[in-house]
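1. Provided below are the primary sequence and the corresponding predicted coordinates.
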Amino acid sequence: MKKTTLLSILACLFAAFSNGQSGIISGKLIDEKLDSPIEFANIKVLKTHKFSVSNVNGEFVIEANEGDEIEITHLSYKTIILKITNNQTIKLQPAQIELNEIIVSVNPLEDIAQSEIIVDPIKMISQPRSVGDLFKDIKGFGISKRGAYASEPVFRSFKYEELNVQYDGGMKILNACPSRMDPITTHMIPEEVEKIEIVKGPFTVRFGENFGGIINIVTKSNTNLHEGFHGSIETGYETNGGNSVNGISFTYVTKKVDINVNGSYRDFGDYEDGSGTVVPSSFKSADYSVNIGVNPTENQRLKFTWRQSFARDIMHAGLPMDSPYDNSLLGGIDYKIQQISNKIESFSIKVFYSYVDHLMTNEGRPNYMMTASTSPVASWTSGGKAELVIKTSENIRIYTGLDANLIDRKGDRTRIVKIMNGMMLPTPKTFVDKIWQDASLNDIGVFAEGKFNLADFTTLTTGVRADFISSGIDDPASDFEALYGGEIEDQNEINISGNASLKYQKNGFQAQLALGRGVRTASMIERYINHFNVNNDAYEYVGNPYLDPEINNQIELSFIKNFNRIEIGIAVFYSFLQDYISATVNEEIPRKFMPTTPPIYAKQFVNVDKAAQTGFEFTFNYNVIESLKFTSDLSYTWAENKDFDEPLAQISPFKAILGLEFEQKNYFLALKSRIVAEQNRISESFMEVASPGFATLDFRVGYEPFVGLSVGAAVLNILDTTYYEHLNFSYKNSNSLSGEIYEPGRNFTVYIKYRF
């Protein structure tokens with residue numbers, strides 16, 4: 001009730017801020033090729049920053065005078081700037097597919113089924129600790145957190161390698177730490193992210209192995225900037241933890257070449273939860289990236305990417321160890337040529353290489369006086385993609401190609417045992433435990449996907465993919481070999497995936513029915529981890545090199561309808577999971593380290609014959625007036641392990657995200673509430689614990705006193721709620737004061753950015 005009242009009061013305040021209009025100009029936007037109206041384009045008067053959005057008929061009304069310059073932007077069309085006249089019909093050109101994008105809604109032939117593009121500039125006035133924080137308010141997502149630094153998205157029931165998370169359409173940096181202290185979301189500057197593209201299941205075969213969905217994190221592009229020199233300087237501060245973020249960016253653009261350099265430094269301290277309890281969460285990180293684009297001709301583009309990240313003194317509240325350092329690098333080259341001939345629309349090729357150097361130790365933890373542990377680990381990932389797009393007619397487009405992801409991981413743990421059986425040893429004993437056993441996992445895939453325009457408003461998409469998998473270990477532990485009967489041979493498998501979807505779009509209404517079969521090979525942890533704590537319980541986990549790949553057979557139906565001021569969307573989905581990979585206690589595998597300490601048996605990864613998930617996502621948005629918008633997103637997932645007759649573990653509970661957004665020519669106000677239900681559908685075999693529900697309220701404000709300068713402030717968790725997310729957990733020997741990782745209490749933030 002308290003939050004509803006606050007939302008109502010703020011709505012009235014927002015409405016009171018709205019200004020009257022004078023000098024009204026109207027116009028209409030249409031597609032240059034199709035002559036169809038363009039809905040949801042943003043029109044902004046550059047002089048006054050007055051703002052409008054085109055309706056379902058492509059029409060717009062805006063406060064301006066004839067001759068004023070306006071900027072028109074739309075995700076699917078090229079941005080243009082022109083002088084406006086009254087009753088003008090403006091034609092927009094469809095945007096070209098950028099190298100760093102995988103989802104483009106230029107026309108129905110280029111849409112991917114059950115996909116979504118998330119662009120939320122409101123988040124940019126507060127300081128996310130890592131890219132993982134950006135997923136918190138996206139429907140269907142939860143966040144799995146090891147600490148304030150190490151967080152990564154969970155979508156519906158899918159997590160970790162069940163999701164294909166990538167940068168800029170295919171590049172990857174994979175964690176070196178088996179406890180996931182360094183997921184892919186920690187190796188990029190959050191302020192560099194322009195948008196997040198999501199495919200909500202195995203509904204495309206073009207972007208690598210796709211089991212539970214694809215998340216493409218897209219960095220900012222230079223191609224829409226005017227020629228010349230551009231740059232920005234930004235800084236931000238948070239009171240809860242004394243956190244600071246500083247960034248700088250420089251871009252130089254000519255017709256043939258564009259160069260962009262970004263740098264960021266973050267210094268985060270320990271924060272307090274709503275009850276005043278300090279949560280160990282400090283870290284420091286420095287990142288930079290260099291992007292160079294070359295346009296040899298009008299239809300060719302070459303891009304070079306290089307980025308490095310350096311994190312220091314990382315505290316992991318939910319893990320038994322901390323990270324003195326985590327270093328990573330990523331290099332990539334992209335090339336694309338378009339309009340090759342009447343039949344060959346484009347050819348593109350991408351190659352990349354990444355490396356992570358990570359150290360974890362238990363220094364400063366309760367058990368350090370008994371056993372000192374140090375684990376330097378590393379991961380190498382390389383790969384790429386080549387794709388040919390064939391346009392056999394105006395109604396048919398074929399995508400075909402191949403891609404590769406080649407992964408290697410190495411690392412051991414050195415233990416110096418000082419106390420054994422309760423007695424101080426006169427001379428400490430040193431042991432070396434093999435963590436990754438020099439493991440490798442290679443995936444080479446070939447694919448073909450066709451899009452067929454069956455009618456003016458109906459598109460059929462079908463695709464098939466084959467993944468050729470090879471895996472092995474070069475330095476196996478003797479007990480691991482003994483468990484599986486001697487020498488462990490390299491494993492090879494061929495996995496076949498496919499998809500089919502039907503999409504109908506007309507006059508602001510869209511309906512989609514999608515079917516997909518996604519196959520995922522077992523990860524390195526599931527195959528080769530050897531008596532290591534990798535989950536939220538006290539068990540040692542043992543890999544299984546002979547796991548079968550797991551299969552997701554998914555069906556999803558969705559509808560979206562845009563009325564004059566209202567947008568309504570709903571999606572319902574069901575997945576039947578075969579050979580689902582889980583872990584169970586095996587009483588034939590005794591605990592290896594501290595064998596008398598409960599639990600005295602280990603968990604082993606196994607295949608579960610049958611599992612399932614189902615659920616829905618619902619959206620209702622209402623433009624109260626031109627400048628005031630109410631938004632709401634609801635999501636729920638139900639998942640079941642049919643073999644064990646219990647829920648699947650680590651499923652986010654029901655979540656509702658409600659918001660009010662008010663925008664005027666040079667300022668905006670936003671109020672957002674997250675309402676999360678309790679989660680009592682838990683897995684007993686996983687030793688999962690139920691979590692209570694909670695609600696939070698955030699307020700953000702942004703102001704642009706003049707062109708180029710942006711000032712923002714926020715009050716996060718206004719009600720100072722003490723809460724934790726269901727997917728946040730702490731391990732035995734963690735430095736969290738409870739079994740959960742509580743989120744920050746009330747937090748005041750400020751942000752300043754100057755663009756030139």
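-> Happy to help now that I have it. Because the structure is predicted, anything quoted here is derived from the model rather than measured.

2. and stretch 200-213, how far from the chain's centre?
-> 14 Å (CA atoms, centre = their mean, to the nearest Å).

3. next, the distance between the ends of it.
-> Length of stretch 200-213, first residue to last, CA to CA, to the nearest Å: 5 Å.

4. and stretch 36-52, by the same measure?
-> Terminal-residue distance, stretch 36-52 (CA to CA): 19 Å.

5. now Tyr335: how far from Ile217?
-> Distance of Tyr335 to Ile217, given as CB to CB, to the nearest Å: 21 Å. C-beta coordinates here come from the backbone N, C-alpha and C atoms, glycine included.

6. who has more neighbours out of the two?
-> Using other CB atoms under 10 Å, the more surrounded residue of Tyr335 and Ile217 is Ile217, with 25 against 17.

7. strand partners (parallel or antiparallel) of the helix or strand hosting the more buried one?
-> Per DSSP states H and E: Ile217 is located in strand 214-219. Strand 214-219 pairs in its sheet with strand 164-167 (parallel), strand 193-199 (antiparallel), by DSSP bridges.

8. okay, those, which one's buried deepest?
-> Sort the strands paired with strand 214-219 by mean neighbour count, taking mean count of other CB atoms under 10 Å, and strand 164-167 sits at the top with a mean of 23.

9. pretty sure Thr637 is touching Gly140, no?
-> Yes. If you go by CB atoms under 8 Å, Thr637 and Gly140 touch, sitting 7.5 Å apart.

10. can you list residues touching both of these two?
-> Shared contacts of Thr637 and Gly140, defined by CB atoms under 8 Å, 6 or more residues apart in numbering, comprise Arg156.

11. let me have the strands paired with strand 214-219 in JSON lines, adding mean pLDDT and distance to Ala372 as columns.
-> What follows is these, written out as JSON lines (pLDDT from 0 to 100; distance: least, CB to CB, whole Å):
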{"stretch": "strand 164-167", "mean pLDDT": "92", "distance to Ala372": "34"}
{"stretch": "strand 193-199", "mean pLDDT": "85", "distance to Ala372": "39"}
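
12. would you list these in JSON lines and tack on distance to Asp474?
-> Supplementary listing: those in JSON lines, determined by distance: least, CB to CB, whole Å:
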{"stretch": "strand 164-167", "distance to Asp474": "26"}
{"stretch": "strand 193-199", "distance to Asp474": "35"}
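
13. nearest to Ser348 among those would be which one?
-> The closest of the strands paired with strand 214-219 to Ser348 is strand 164-167. By CB to CB, the value is 15.0 Å.

14. what's that closest one in contact with?
-> By CB under 8 Å, 6+ apart, strand 164-167 touches 152-153, 172-173, 184-185, 188, 207-211, 213-217, 219, 330.

15. what about the residue lying closest to Asp643 once chain neighbours are set aside, neighbour count?
-> Nearest residue to Asp643, sequence neighbours excluded (CB to CB, 6 or more residues apart in numbering): Val608, at 4.8 Å. A count of nearby residues for Val608, using other CB under 10 Å, gives 19.

16. helix, strand or coil: sort out Val608 for me.
-> Following DSSP: H, G, I helix; E, B strand; the rest coil, Val608 is assigned to strand.
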